[in-house]
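# one predicted model, sequence on top.
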Amino acid sequence: MGIVGRDGGGNDATDSSSVVEVKQVVGEKVPHIVIDNLTMTYGERVIQQNLNFTVNHRDIFVIMGGSGCGKSTLLKHMIGLYHPHQGDVIVDGHALWKGSAYKRQQLMRHFGITYQAGALISSLTLAENIGMPLDLYTDLSPADIAELVNLKLAMVGLAGFGSYYPSEVSGGMMKRAALARALALDPEILFFDEPSAGLDPISARRLDDLILELSESMRATIVMVTHELASIFAIANNSVFLDAQSKTLLATGHPAELLQSCPIEKVQAFLRRGEATPERTGKEAHVTQS
Ligand SMILES: Nc1ncnc2c1ncn2[C@@H]1O[C@H](COP(=O)(O)OP(=O)(O)OP(=O)(O)O)[C@@H](O)[C@H]1O
Ligand SMILES: [Mg+2]
């Protein structure tokens, strides 16, 4: 990407010119995923066409739009599950689809995913569910896997619940366990489809807080599908809005900026749904979160 040392790089920045350079690197947006003229179809049916947008490193990026417009379909293309009809998904400069299958598998190893309907395997305990990717994709010993599983459980606030089966925990706990499974391989990019859907507002808010904390502690990029306005304004710093009618994106950018200045009525209607106003859903949400 041409930029190294996001953590300071190891240079002793003692003179003022180095300091300025470090500041510029920290403030710069570095593309992580570039959606390049992507068209997605099921058979003959076009779902979305000619999509172009960029997710930057460490973004919390939200895919927005009405039900059925193709949000989950887009996510499945971004994670390498569905082949595009046209165009490509570029991850850190590497094409997911135009490159080799081997390269695609390598890129996919850096993804952590929770699906919209993607629950845990009900016949396995939470610990076994979370340990599964480690068992499949690493050479770690069972003892090391157990230790890592406990660490991931603790990260999502489920320490001590490893031996529980999914049916023995609440909906919110199940979603957090699915999050822990997505974290198992220390991914660089986390993809979530409707992470807080079906939860009561307080549990949904806790899950949002957790996602925010994880993005900070893991320095991961997050791509998330959600309808939840509260989540969108509380945690996202970038977004795309898909439209089912025109079958393409209508807007991309910071949700608060879209709310303030996007002239497209559908986008405004979505962002102002219910009692949402810029004052109540925007900056204030950030303040009460921390
Ligand atoms: N596997 C599939 N085969 C054929 N059509 C599909 C398939 N999956 C989804 N579709 C169709 O593609 C369109 C987009 O579906 P998708 O699930 O991506 O929408 P969405 O925006 O995620 O909706 P929601 O907000 O309800 O989850 C829908 O019309 C759906 O019926
Ligand atoms: Mg969906």
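Perfect, I can see it now. Keep in mind that what you see is a predicted model, and the values were worked out from it rather than measured. Ligands and ions are numbered 1, 2, ... in the order given.
# what about the helices in the protein?
With DSSP state H as the definition, the chain shows helices at residue ranges 16-27, 71-78, 101-108, 126-137, 142-155, 171-183, 201-218, 229-235, 255-261, 265-271, 278-281, 283-289.
# and the third one, how far from the chain's centre?
I take that to be helix 101-108. Relative to its chain's centre, helix 101-108 lies at 19 Å (CA atoms, centre = their mean, to the nearest Å).
# that one: which residues count as buried?
Neighbour counts using 16 or more other CB atoms under 10 Å place 104, 107, 108 of helix 101-108 among the buried residues. Where you see a C-beta, it was placed from the backbone N, CA and C, and this is true even at glycine.
# same question, stretch 229-245
Within stretch 229-245, the residues scored as buried using 16+ other CB under 10 Å are 229-243.
# stretch 73-93 now?
Neighbour-count burial for stretch 73-93, counted by 16+ other CB under 10 Å, picks out 73-80, 82, 84, 87-91.
# quick check: the residue of the chain nearest ligand 2.
When distances are taken as CB to the ion, the chain reaches nearest to ligand 2 at residue 72, 3.2 Å away.
# so where's the stretch 51-200 of the chain shaky on pLDDT?
Low-confidence segments of the stretch 51-200 of the chain, defined by pLDDT under 70, span residues 116-118.
# isn't the residue of the chain closest to ligand 2 right up against residue 226?
No - using CB atoms under 8 Å, residue 72 is not in contact with residue 226; the gap is 11.4 Å.
# near ligand 1, which residues of the chain?
Counting by CB under 6 Å from any ligand atom, the chain comes close to ligand 1 at 42, 47, 65, 67, 68, 69, 70, 71, 72, 73, 116.
# near the fourth one, how many other residues are there?
Right, the one you point to is residue 67. A total of 7 residues lie near residue 67 under the criterion other CB atoms under 10 Å.
# what's near enough to touch it?
When the contact criterion is CB atoms under 8 Å, 6 or more residues apart in numbering, the partners of residue 67 are residue 227.
# same thing with the fifth one?
Residue 68 is in contact with residue 244, counting by CB under 8 Å, 6+ apart.
# determine which of the helices of the chain approaches residue 165 most closely.
Residue 165 sits nearest to helix 126-137 of all the helices of the chain, at 7.6 Å, using CB to CB.
# okay if I get the helices of the chain as CSV plus distance to residue 248?
What follows is the helices of the chain, written out as CSV (distance: least, CB to CB, whole Å):
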stretch, distance to residue 248
helix 16-27, 31
helix 71-78, 11
helix 101-108, 25
helix 126-137, 34
helix 142-155, 38
helix 171-183, 29
helix 201-218, 28
helix 229-235, 20
helix 255-261, 16
helix 265-271, 12
helix 278-281, 26
helix 283-289, 29
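# out of those helices, nearest to residue 247?
Nearest to residue 247, of all those, is helix 71-78, at 11.3 Å by CB to CB.
# quick one: distance of the closest one to the chain centre.
Distance of helix 71-78 from its chain centroid, counting by CA atoms, centre = their mean, is 12 Å.
# that one packs against which elements?
strand 31-42, strand 45-56, strand 60-64, strand 189-193, strand 221-225 (3 or more CB pairs under 8 Å, 6 or more residues apart in numbering; DSSP states H and E).
# Serialize those to JSON lines and add fields for mean neighbour count.
Listed next are those as JSON lines, based on neighbours: other CB atoms under 10 Å:
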{"stretch": "strand 31-42", "mean neighbour count": "18"}
{"stretch": "strand 45-56", "mean neighbour count": "18"}
{"stretch": "strand 60-64", "mean neighbour count": "25"}
{"stretch": "strand 189-193", "mean neighbour count": "24"}
{"stretch": "strand 221-225", "mean neighbour count": "25"}
